[in-house]
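S.K.: Give the three-dimensional model of this entry:
(one chain, ligands or ions: 1)
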Amino acid sequence: MTEATRLTPEEFEAALRAKGKYYHIHHPYHIAMHNGEATREQIQGWVANRFYYQTSIPIKDAAIMANCPHPEVRRQWVQRILDHDGDAQNEGGIEAWLRLGEAVGLTRESLLSEERVLPGVRFAVDAYVNFARRACWQEAACSSLTELFAPQIHQSRLDSWPQHYGWIEPSGYDYFRSRLGQARRDVEHGLSLALAWCDTAKKQQRMLEILQFKLDILWSMLDAMTLAYSLNRAPYHTVTDDAVWHTKRLV
Ligand SMILES: O=C(O)c1cc(C(=O)O)c2c(n1)C(=O)C(=O)c1cc(C(=O)O)[nH]c1-2
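M.R.: Model prediction:
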C-alpha cells in the first residue's frame with residue numbers, strides 16, 4: 001500500500017470543504033423542516049433537543065481552552081464562549097435560543113429542564129464535548145469546522161421558515177441571524193489553525209476523519225429525533241408512552 005501524499009494547503013482546504021456533502025442540511029428531518037413539512041411537534045422537538053447542543057458548545061470551547069497553552073489562541077477562542085454565554089453588552093446565543101423556544105411555543109423552563117432531550121442526542125453531543133476534553137487542542141479546535149457549512153443552513157432557515165410556519169414568532173429567528181457573521185469569523189480562525197497544524201499527510205487524513213466524526217454527531221442527533229418525532233419510536237416506546245429516560249447532564 002502506498003502512503004497517502006500530503007495535499008497542498010489549497011487541496012486540503014478543498015477536501016475539508018468537500019465534506020459539506022455530508023452536512024445535516026441533507027438529513028431528511030432537516031429537509032422536511034426546510035420544505036414546510038414538519039409538524040409543530042417536530043419543530044418543538046428539534047428546538048428542545050438542539051438546546052442541549054447550544055448549552056454544550058461553551059463547555060466544549062472551555063475544554064479546548066483548558067488544553068491550549070497559547071494566550072494568543074485563547075484570547076481569540078474565548079469569544080466563542082461569550083457568543084453563547086453573553087456578556088455585559090450582548091445577551092448571547094443561549095438566551096437567544098431560549099427565545100426561539102418561546103417563539104415555537106415552549107417555555108424556558110421546559111428547555112432548561114432538558115426533559116425533552118433524547119438519549120441519542122445527549123450521547124452524540126456528549127461525544128463532542130468529551131472529544132474536546134481528550135484530544136489535543138488543535139484537533140479539538142478544528143473539529144468545529146462543520147461551521148464551514150453553517151451559514152448556509154442558518155440562512156436557509158431564515159429564508160424558508162417564516163414562509164411555512166406562520167405560527168412561529170418572528171423574534172425567534174434572531175439566533176440564526178446572529179450566527180451568520182459569528183460562524184464565518186469562527187471558520188476563518190478554525191481554517192487557519194487547521195492549515196497550519198496539518199502539515200503532514202497523516203495529520204491531514206486524521207483531520208478529515210475528525211471532521212467526519214463531527215458530521216456523524218450532527219447526523220446522529222437528527223436520526224434520534226426522526227425515531228422519536230417522525231416514526232413514533234421514542235426510547236422505550238414498546239413499554240411506555242412516558243419519557244422515562246434520564247434528563248440530567250451526568251458527564
Ligand atoms: O444550526 C446548525 O445547523 C448549526 C450547526 C453547527 C455545526 O455545524 O456544528 C453549529 C451551529 N449551528 C451553531 O449555531 C453554533 O453555534 C455552533 C458552534 C459549533 C462548534 O462546533 O463549535 N458548531 C455550531
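
S.K.: Is the closest residue to Ser144 other than its chain neighbours in a helix, a strand, or coil?
M.R.: Closest residue in space to Ser144, ignoring its immediate chain neighbours: Gly190 at 5.4 Å, by Cβ to Cβ, 6 or more residues apart in numbering. All C-beta spots, glycine's among them, are computed from the backbone N, C-alpha and C. Gly190 carries the three-state label helix when classified by DSSP: H, G, I helix; E, B strand; the rest coil.

S.K.: The longest helix that the chain contains and the ligand in contact?
M.R.: Secondary structure of the chain per DSSP state H: the longest helix is helix 40-66. Yes. Using Cβ under 6 Å from any ligand atom, we find that helix 40-66 touches the ligand at Ile57.

S.K.: which helices and strands does that helix pack with?
M.R.: Under the contact definition 3 or more Cβ pairs under 8 Å, 6 or more residues apart in numbering; DSSP states H and E, helix 40-66 sits against helix 28-34, helix 71-85, helix 93-103, helix 108-113, helix 119-134, helix 137-142, helix 201-225.

S.K.: Spit out the contact partners of Arg74.
M.R.: Neighbour list for Arg74: Met65, Cys68 [criterion: Cβ atoms under 8 Å, 6 or more residues apart in numbering].

S.K.: neighbours of Ser192, just the number please.
M.R.: 10 (other Cβ atoms under 10 Å).

S.K.: ditto for Gly36
M.R.: When neighbours are counted by other Cβ under 10 Å, Gly36 registers 11.

S.K.: ditto for the one 3 residues further on
M.R.: The burial count assigned to Thr39 is 11, neighbours taken as other Cβ under 10 Å.

S.K.: Disregarding residues adjacent in the polypeptide, which is nearest to it?
M.R.: Once chain neighbours are set aside, the closest to Thr39 by Cβ to Cβ, 6+ apart is Tyr229, at 7.8 Å.

S.K.: Go ahead and confirm the one you found touches Gly45.
M.R.: Yes. Applying Cβ atoms under 8 Å as the test, Tyr229 and Gly45 come out as touching, 4.3 Å apart.

S.K.: Can you pick out the residue with more neighbours from the two?
M.R.: Shown here are Tyr229 and Gly45; by other Cβ under 10 Å, Gly45 has more neighbours (26 against 22).

S.K.: got the contact list for that one?
M.R.: So Gly45 contacts Arg116, Met225, Ala228, Tyr229 (Cβ under 8 Å, 6+ apart).

S.K.: So for Phe149, what's the pLDDT?
M.R.: Model confidence at Phe149, given as pLDDT, is 96.

S.K.: Sorry, wrong one. I was asking about Ala4.
M.R.: Listed pLDDT for Ala4 reads 82.

S.K.: Ok, the one 4 residues further on next?
M.R.: The score at Thr8 is 97. That number is its pLDDT.
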